[in-house]
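*Asks:* Generate a structure from the sequence data that follows.
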Amino acid sequence: MLESTLRNRAKHLLTASGRSDVPPFMVMDVMAAAARIEAAGGHVIHMEVGQPSEPAPKVALAAARAALEAGRIDYTSALGIPSLRERIARHYRDTYGCHVDAARIVVTTGSSGAFILAFLAMFEPGDRVAVTVPGYPPYRHILTALGCEPVLIETTSDTRHALTGEALLAAHRKAPLKGVLVGSPANPTGTMMSREALTSLIHAAESAGIRFISDEIYHGLDYAFPAVTAAELSPDALVINSFSKYFCMTGWRVGWMVVPEVLVRPIERLQQNLSISVPTLSQIAAEAAFEGREEMEAIKRGYQENRNILIEGFPRAGLKKFLPADGAFYLYADVSDFTSDSFAFASEMLEKTHVAATPGVDFDPVHGRAFIRFSYARSADEMREAVARIARWLG
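*Replies:* Numbers count the residues shown, from 1 in each chain. All right, here's what the predicted structure looks like:
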């Protein structure tokens, strides 16, 4: 009897917290289903994962090998290796003609670690933070887990699916917002904000006392026009970037932030306590990666070719409606002519064609049942084969 009572008490003690009750990232379910097909001998074309198929730049790999052979890999400063922070600051001068003090650079454990640090430093539990839909799901989920309230603002084709200052201020008038987060190039849409649009949005936010966060992890992967950094437009904007996408270093888990000067020390204290420092080997490789531009630009040209294959091929396959693919490596396609359930559509497409893609409900709880996200970060031959398979299925 006593043993049974203790077991029941233990079960009660081990109940998960309410803040852990966030939705799963549905793309992981698609990946699991694709793995089962591959285990049975099927050839799956992976268009579900937002991950480059190429490895890190050769110079980054060489730097990591050299560091391993040299011996100890120790902790670094919580803000990051000073030379890496200086190199990131130089990147802003070289790429954007924008002066950013290296003292405002914080190296993070990927962009995911940056979001956590930024939200903790900028917001209190209960604060309302605007995010756009469609949008990257962990924006909402991390905010929720930290006790904040994500406020969803729909975007439309009228603004090329970019958030406007008018829409932001309208949401703010309904109930005050503490912050707003936008991404350009965006996931899942691939759309980008022009300099004028981003400038206007930042001005609207700051004039209303709304703190501004810019997710720029797909910078470098811009095709329609050059991406603009919020660091150039406001010293009070917090910018998040990563080595995962353009530099093909997803598993290395290293990113960075450009933070307002007043937040440097608070974020340093948070990083000291939450992770001590970012993995040293990843930081060493990341610093070297900046010298792999020629290699990265060749990969980018491959993405551009893949983008063209899908833009030209999907309409012939039956997928005639999709959002402008200005940047990143995604095409967000409207499948409402075929289904009202994008999850079921993605599941059937995977089963019938062995093409894996992500249902839009992951990115948009409002209209996502009408959309599918396709990643085109694989080879050109795979993109052509994917178009052919989908054409046969839908035809």
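*Asks:* Just the helices from the chain, written as ranges.
*Replies:* Taking DSSP state H as the criterion, the chain carries its helices at 2-13, 27-39, 58-70, 82-96, 110-122, 137-145, 165-174, 195-207, 264-274, 280-289, 293-317, 342-353, 380-394.
*Asks:* Of the ones you listed, which shows the lowest average pLDDT?
*Replies:* Here the lowest mean pLDDT among the helices of the chain goes to helix 2-13, at a mean of 66.
*Asks:* so S242 bridges to which residues?
*Replies:* G255 (DSSP bridges).
*Asks:* ok, it - contacts?
*Replies:* Residues in contact with S242, defined by C-beta atoms under 8 Å, 6 or more residues apart in numbering, are 110-111, 114, 217, 254-256. In short, each C-beta sits where N, CA and C put it, glycine included.
*Asks:* Turn the helices of the chain into CSV, including distance to S157 and mean neighbour count.
*Replies:* Putting the helices of the chain into CSV (distance: least, C-beta to C-beta, whole Å; neighbours: other C-beta atoms under 10 Å) gives the following:
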stretch, distance to S157, mean neighbour count
helix 2-13, 50, 9
helix 27-39, 24, 15
helix 58-70, 39, 15
helix 82-96, 28, 17
helix 110-122, 27, 22
helix 137-145, 21, 20
helix 165-174, 14, 16
helix 195-207, 14, 18
helix 264-274, 37, 16
helix 280-289, 36, 23
helix 293-317, 16, 16
helix 342-353, 18, 19
helix 380-394, 23, 17
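*Asks:* Would you mind telling me which of those helices is nearest S244?
*Replies:* helix 110-122 (6.2 Å; C-beta to C-beta).
*Asks:* so what does that closest one touch, helix or strand wise?
*Replies:* Under the contact criterion of 3 or more C-beta pairs under 8 Å, 6 or more residues apart in numbering; DSSP states H and E, helix 110-122 touches strand 105-108, helix 137-145, strand 211-215, strand 238-242, strand 255-258, helix 264-274.
*Asks:* Quick one: residues in contact with the fifth one.
*Replies:* Applying C-beta under 8 Å, 6+ apart, the contact partners of strand 255-258 are 80, 85, 88, 92, 100, 104-114, 117-118, 217, 231, 238-244, 267.
*Asks:* now the first one
*Replies:* Residues from elsewhere that reach strand 105-108, judged by C-beta under 8 Å, 6+ apart: 79-81, 84-85, 88-89, 114, 117, 240, 254-259, 264, 267-268, 271, 278, 283, 286.
*Asks:* before we move on, what about stretch 304-311?
*Replies:* 223, 322, 325, 329, 331, 374, 376-380, 383-384, 387.
*Asks:* sorry, back to before: in the contacts of S242, find the pair that's most separated.
*Replies:* I217 and V254 (11.7 Å).
*Asks:* Which residue of those two possesses the greater neighbour count?
*Replies:* Neighbour count, other C-beta atoms under 10 Å: between I217 and V254, V254 has more, with 29 against 23.
*Asks:* Looks like that one contacts S282 (just checking).
*Replies:* Yes: with contacts counted by C-beta atoms under 8 Å, V254 reaches S282, the gap being 4.1 Å.
*Asks:* related to what we said a few turns ago, I'd like to know which of the helices of the chain lies nearest to E154.
*Replies:* Comparing the helices of the chain by C-beta to C-beta, helix 165-174 comes nearest, at 8.2 Å.
*Asks:* what separates that closest one from the chain centre, distance-wise?
*Replies:* Offset of helix 165-174 from its chain centre (C-alpha atoms, centre = their mean, to the nearest Å): 24 Å.
*Asks:* again with stretch 360-378
*Replies:* Taking C-alpha atoms, centre = their mean, one finds the center of stretch 360-378 at 14 Å from the center of the full chain.
*Asks:* shift numbering so it begins at 642
*Replies:* In the new count, where the first residue is 642, that last one comes out as stretch 1001-1019.
*Asks:* mean confidence score for it?
*Replies:* 93.
*Asks:* in it, what's buried?
*Replies:* 1001-1005, 1008-1019 (16 or more other C-beta atoms under 10 Å).
*Asks:* quick one on the thing from earlier: and T797, which of the helices of the chain is closest to it?
*Replies:* Of all the helices of the chain, helix 806-815 comes closest under C-beta to C-beta, at 9.1 Å.
*Asks:* Dump the C-alpha coordinates for that closest one into CSV.
*Replies:* C-alpha atoms of helix 806-815 as CSV (Å, rounded to 0.1, in the frame of the first residue of the first chain):
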residue,chain,number,x,y,z
GLY,A,806,3.3,50.1,-39.7
GLU,A,807,-0.4,50.7,-40.1
ALA,A,808,-1.2,47.0,-39.3
LEU,A,809,1.1,47.1,-36.3
LEU,A,810,-0.3,50.2,-34.8
ALA,A,811,-3.9,49.0,-35.4
ALA,A,812,-3.0,45.9,-33.3
HIS,A,813,-1.4,48.1,-30.7
ARG,A,814,-4.5,50.3,-30.4
LYS,A,815,-6.6,47.2,-29.6
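*Asks:* List the contacts of it.
*Replies:* Helix 806-815 is contacted from outside by 771, 792, 794, 796, 800, 818, 821, 841-842, 844-846, 849, 851, using C-beta under 8 Å, 6+ apart.
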